[in-house]
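Enquirer: Predicted model and sequence follow; I will ask about them next.
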Amino acid sequence: MTSAIGRARIPESFDFTFRATGTGRARLGRLETPHGGIDTPQFMPVGTQATVKSLTPADLRTAGTQIILANTYHLSLRPGHERIARLGGLHRFMSWDGPILTDSGGFQVFSLAHLRQVDDDGVTFASHLDGSRQRLTPERSIEIQEALGSDIAMTFDQLVDSTQPADEVERAMERTHHWAGRCLTARSRADQALFGIVQGGVDAELRRQSVAAISGLPFDGIAVGGLSVGESKAQMTETLDVVAEALGSDPRVRYLMGVGSPPDFFTAVERGIDLFDCVLPTRVARNGQLWTSQGKLNLRNARFLDEPGPIDPACGCETCRNHSRAYIAHLFRAEELLAYRLASVHNVTYTLDLMGRIRGALADGSFTSLREVVAAQFGGAGPESISRR
RNA sequence: GGGUAGGUUGAGCAGGUGGUGAGCUCCGCUGACUGUAGAUCAGCCGUCUUCGACUGUGGGGGUUCGAUUCCCUCCCUGCCCA
């Protein structure tokens, strides 16, 4: 094998083909991986700890899942990536034989900010489980992801929220660029793709610099990170415009990390995004919020206790075929575990169905009207800004 | 029948031994959630004309400038004894 950093081609078992659709920069594509193909635009349910919370692999399959996301940081702490490797790798461990993308732990640099210290070489965490000192570097992240055996690994990056001063955003971006090169050097598996991550906050010039730096490296895909972390919708849209313009005709698959809501998908697909992941569909499901052809429902609201119909008459998921709103509302009140599964089954199905509808609309030219329908259901363009605790 | 401990806002409690009881936890109502330390978090949760005001400590009466507190009486509940 040639040195990893010099390899410009996607690993042998990977392939991404796409075609322009005539709708903005939107593309229709197909990404092949060792564990199966992915139709794009596509959404990846998040299974941080080797499980999409409350769902079985069979549930995921039935919902139409083509690829899931799992997490380097969490799995390295528990049960440990070496243990997962000994048990045959992540696919066998969790009994999911479809494609898996692993996040690098970079997001935890952001979400666990109060438990870590960043330096130019890497990040030291105090484990959220037992406080023990944990070191994550680009090399270490790749080592863990290779042990897990995901189909797609992500580079270790640093993201900052939009409230940070400009020099802090720039410094995190430059670290991300250095770390990107180190990740490429560290990779050793030919059956695992590696995606670079563009950072730069909401500053157009920094984003252009970051696109130039990351797209100039031989990554198998390009991710856009550092969005949906507190900036306004307008800022996210503008940043996606800048990134799309800067990427130009780059043929690699494009992944917008951590997005999103139904209206967000349209914003991003129009700007050339092929892949999404987000905890939103599964997290809000566990908190009683169900996404439907009539918009968002909060099943904790009293009125649902007396409604005999399904969550969404337009949905064919297990939940909607078999259970009433009244029943699910009852399960939430009683804190019965089935509530979480039924709600998650529905929201994942809704989200993946929506992706399918988006692909269909791109194919037949009805994207714009679909976007308007969904925007009407979900309150226009959604919240003015993306909040975060 | 005798004794004893109690009765505080839907429930369970805290507090208060003469000087402004609306405090907590449930329940309930509503909202939030965007590369998951999240089956979580936040607000509200007696009434009203809600930056404030009023009402409320089982019922009634008394003492007092002032009573949840002291006195009388009645009602209700738990436990013990007959």
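Expert: Nice, thanks for sending it over.
Enquirer: Point out the residues in the stretch 251-389 of chain A that sit beside RNA strand B.
Expert: A:257-261, A:264, A:277-280, A:282-284, A:286-289, A:296, A:298, A:300-303, A:333, A:335, A:337, A:340, A:382-383, A:386-389 (Cβ under 7 Å from any atom of the strand). Every residue, glycine included, has its C-beta placed from N, CA and C.
Enquirer: which non-adjacent residue is nearest A:S344?
Expert: Leaving aside its sequence neighbours, A:S344 sits nearest to A:A285 (Cβ to Cβ, 6 or more residues apart in numbering; 4.4 Å).
Enquirer: The helix or strand where the one you found lies packs against which elements?
Expert: Using DSSP states H and E, A:A285 sits in helix A:280-286. Using 3 or more Cβ pairs under 8 Å, 6 or more residues apart in numbering; DSSP states H and E, the elements in contact with helix A:280-286 are helix A:337-364.
Enquirer: in the helix it packs on, what counts as buried?
Expert: A:339-355, A:358-359, A:361-362 (16 or more other Cβ atoms under 10 Å).
Enquirer: One more: stretch A:45-62?
Expert: Here stretch A:45-62 shows A:45-48, A:50, A:52-55, A:57, A:59-60 as buried, counting by 16+ other Cβ under 10 Å.
Enquirer: From the residues of the stretch 251-389 of chain A next to RNA strand B, list the buried ones, please.
Expert: A:257-261, A:264, A:277-278, A:280, A:282, A:284, A:286, A:288-289, A:340, A:382, A:386.
Enquirer: next structured bit after the helix holding A:A285?
Expert: strand A:289-292.
Enquirer: so where does the closest residue in space to A:Q49 that isn't next to it in sequence fall, helix or strand?
Expert: In space, and not counting its chain neighbours, A:Q49 is closest to A:H74: 5.1 Å by Cβ to Cβ, 6+ apart. A:H74 is part of helix A:72-77 when elements are defined by DSSP H and E.
Enquirer: which strands and helices sit next to the following helix or strand past that helix?
Expert: Using DSSP H and E, the helix or strand that follows helix A:72-77 in sequence is helix A:81-86. Contacts defined by 3+ Cβ pairs under 8 Å, 6+ apart place helix A:81-86 against helix A:72-77, helix A:138-148.
Enquirer: Averaged pLDDT, helix A:81-86. What do you get?
Expert: The average pLDDT for helix A:81-86 rounds to 98.
Enquirer: Just the buried positions in that helix, please.
Expert: A:81, A:84-85.
Enquirer: okay if I get those as JSON lines plus distance to RNA strand B?
Expert: Output for the buried residues of helix A:81-86, formatted as JSON lines (distance: Cβ to the nearest atom of the strand, whole Å):
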{"residue": "A:H81", "distance to RNA strand B": "16"}
{"residue": "A:I84", "distance to RNA strand B": "16"}
{"residue": "A:A85", "distance to RNA strand B": "20"}
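Enquirer: Show me the helices in the stretch 101-250 of chain A, by range?
Expert: With helices called from DSSP state H, counting those that start in this stretch, the stretch 101-250 of chain A shows them at A:106-111, A:138-148, A:166-186, A:204-215, A:233-247.
Enquirer: and the angle from the longest one to helix A:204-215?
Expert: Between helix A:166-186 and helix A:204-215, the angle formed by their directions is 10 degrees, by axes from the mean of the first three to the mean of the last three Cα atoms, to 10 degrees.
Enquirer: residues touching the residue lying farthest from the centre of chain A, list them.
Expert: Ranked by distance from the centre of chain A (Cα atoms, centre = their mean), the top residue is A:D306, with 35.9 Å. With contacts defined as Cβ atoms under 8 Å, 6 or more residues apart in numbering, the neighbours of A:D306 are A:A326.
Enquirer: average pLDDT across the helix holding A:A285?
Expert: 98.
Enquirer: same check, this time on stretch A:345-354
Expert: Per-residue scores along stretch A:345-354 average to 98.
Enquirer: what does it rub up against?
Expert: A:43, A:45, A:52, A:55, A:59-60, A:62-65, A:262, A:265, A:281-282, A:284-285, A:289-292, A:311-312, A:315-320, A:374.
Enquirer: Show me how far it is from its chain's centre.
Expert: Centroid displacement of stretch A:345-354 relative to its chain, using Cα atoms, centre = their mean, to the nearest Å, is 15 Å.
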